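1. Fold the following and give me the result.
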Amino acid sequence: MRHRRYPSDTTDAEWALIEPLLPVPACQTEAGGAPEKWPRREIVDAIRYVVDTGCKWRALPADYPPWRTVWGFMARWTAAGIVGQIRDHLRGRIRRDMGKGPRAVATVIDSQSVKAAETVGKDSRGYDAAKKINGRKRHLVVDTRGLPLLVMVTPADMTDRDAAKEVLFRLRLMHPEITIVWADSAYAGQLVDWAKKYLRLTIKTVSRPKDATGFVVLPRRWVVERSLSWIMQARRHARDYERLVQHSEALITWAAITLMTRRITQKKKLSRSTLAKAA
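-> Residues are numbered from 1 along each chain as shown. This is a model prediction of the structure:
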């Protein structure tokens with residue numbers, strides 16, 4: 001095992017959360033397979049390093065496994081839905097620690113347009129005339145505590161209403177318990193009736209006050225805006241570099257996973273230090 005020297009590396013407490021959620025290695029299944037050459041913790045650390053620093057896959061430091069190996073694990077875990085399962089498990093863990101039910105019934109949705117690098121093909125990018133951005137748009141759904149439930153990436157020229165139909169359809173399939181979705185005025189109109197009729201979802205819009213000037217904190221909407229800012233702290237997401245949208249969605253989810261594992265483990269440290277002082 002290499003020496004852990006980068007800020008993005010997992011702590012022992014974080015790895016204890018993630019390791020049980022990863023799939024069983026092929027060599028331990030009935031079908032069998034060759035033993036994995038590289039420890040999985042090194043693979044996870046390398047993925048987190050790319051997300052945190054924004055470096056190229058080929059520019060991974062030499063003390064990590066080969067970049068092709070790391071990228072291959074990232075792609076396979078994404079295709080198998082493992083990344084989403086880790087996110088959902090950690091979100092439920094945090095909600096239980098907060099005294100909430102593990103499943104959210106109220107959510108908040110918003111989008112964010114970001115520039116795309118030259119590695120992004122024309123078929124998955126577009127021009128957002130409102131934001132004057134040529135790239136992709138991230139559609140994020142979070143619960144009322146800002147914890148992510150779903151992320152979908154589209155070309156930036158797709159309107160929020162058009163993308164919301166696919167986002168809400170996926171949300172309904174994955175989380176049938178959800179009843180309310182808070183959104184801004186871009187999601188108003190026919191989408192509200194469509195969601196009520198076909199998905200049995202209630203969309204409630206929060207509009208900006210007409211006489212407001214400058215920055216205004218809006219009820220409900222500020223939660224998802226904060227979540228987007230959390231994700232942007234990972235330098236990989238300052239711009240979209242991924243050729244495939246599913247890989248872009250996966251790396252955004254990895255940024256959220258890092259935030260959640262740190263939130264859980266830091267809370268444990270604080271509680272232990274409090275008990276030690278009391279003793």
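
2. Quick check: nearest residue in space to E14, chain neighbours excluded?
-> The shortest distance from E14 to any non-neighbouring residue, by CB to CB, 6 or more residues apart in numbering, is to T261 (4.3 Å). All C-beta spots, glycine's among them, are computed from the backbone N, C-alpha and C.

3. I'd like the mean pLDDT over the helix or strand hosting the one you found, please.
-> According to DSSP states H and E, T261 maps onto helix 245-278. Helix 245-278 carries an average pLDDT of 82.

4. returning to that earlier point: was I right about the residue nearest to E14 contacting T10?
-> Yes. Counting by CB atoms under 8 Å, T261 touches T10, with 7.4 Å between them.

5. list residues touching both of these two?
-> Shared contacts of T261 and T10, defined by CB atoms under 8 Å, 6 or more residues apart in numbering, are found at I18.

6. Could you give the backbone dihedrals for D63?
-> Phi and psi for D63, reported as degrees, to the nearest 10, are phi -80, psi 0.

7. Enumerate every residue touching it.
-> Contacts of D63 (CB under 8 Å, 6+ apart): R2, H3, R5.

8. For it, give its distance to I180.
-> As judged by CB to CB, to the nearest Å, D63 and I180 stand 47 Å apart.

9. same check, this time on G121
-> 36 Å.

10. With neighbour numbers in mind, choose between these two.
-> The residue with more neighbours, out of G121 and I180, is I180; 15 against 10, by other CB atoms under 10 Å.

11. Which single one of the contacts of D63 is nearest to R40?
-> Set against R40, the nearest of the contacts of D63 by CB to CB is R2 (13.4 Å).

12. what's the closest non-adjacent residue to the closest one?
-> Per CB to CB, 6+ apart, closest to R2 is D63, 4.8 Å.

13. Test for you: state the pLDDT assigned to the one you found.
-> At D63, the model reports a pLDDT of 92.

14. distance of it from D52?
-> 16 Å.

15. what do you get for A256?
-> According to CB to CB, A256 and D52 sit 13 Å apart.

16. With W254 instead?
-> From W254 to D52 the distance is 9 Å (CB to CB).

17. So if I had to pick from the two, which one is more boxed in?
-> Shown here are W254 and D52; by other CB under 10 Å, W254 has more neighbours (24 against 19).

18. list the contacts for that one?
-> So W254 contacts I47, R48, V51, V83 (CB under 8 Å, 6+ apart).

19. Can you flag the buried ones in the residues you listed?
-> Buried subset of those (neighbour count, 16 or more other CB atoms under 10 Å): I47, R48, V51, V83.

20. can you pull the contacts of the first one?
-> For I47, the contacting residues are V70, F73, M74, L251, W254, taking CB under 8 Å, 6+ apart as the criterion.

21. what's the helix or strand for it?
-> Assignment of secondary structure by DSSP H and E places I47 within helix 40-53.

22. For that helix, output the C-alpha coordinates as PDB.
-> This file holds the C-alpha atoms of helix 40-53, laid out as PDB (Å, rounded to 0.1, in the frame of the first residue of the first chain):
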ATOM      1  CA  ARG A  40      -9.400  -1.200  -4.700                       C
ATOM      2  CA  ARG A  41      -8.600   1.500  -2.300                       C
ATOM      3  CA  GLU A  42      -5.900   2.700  -4.700                       C
ATOM      4  CA  ILE A  43      -8.500   2.700  -7.500                       C
ATOM      5  CA  VAL A  44     -11.000   4.800  -5.500                       C
ATOM      6  CA  ASP A  45      -8.200   7.200  -4.400                       C
ATOM      7  CA  ALA A  46      -7.100   7.700  -8.000                       C
ATOM      8  CA  ILE A  47     -10.700   8.400  -9.200                       C
ATOM      9  CA  ARG A  48     -11.100  10.900  -6.400                       C
ATOM     10  CA  TYR A  49      -7.700  12.500  -7.300                       C
ATOM     11  CA  VAL A  50      -8.900  13.100 -10.900                       C
ATOM     12  CA  VAL A  51     -12.200  14.600  -9.700                       C
ATOM     13  CA  ASP A  52     -10.600  16.800  -7.000                       C
ATOM     14  CA  THR A  53      -7.600  18.100  -9.000                       C
END
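
23. Many thanks, we can stop here.
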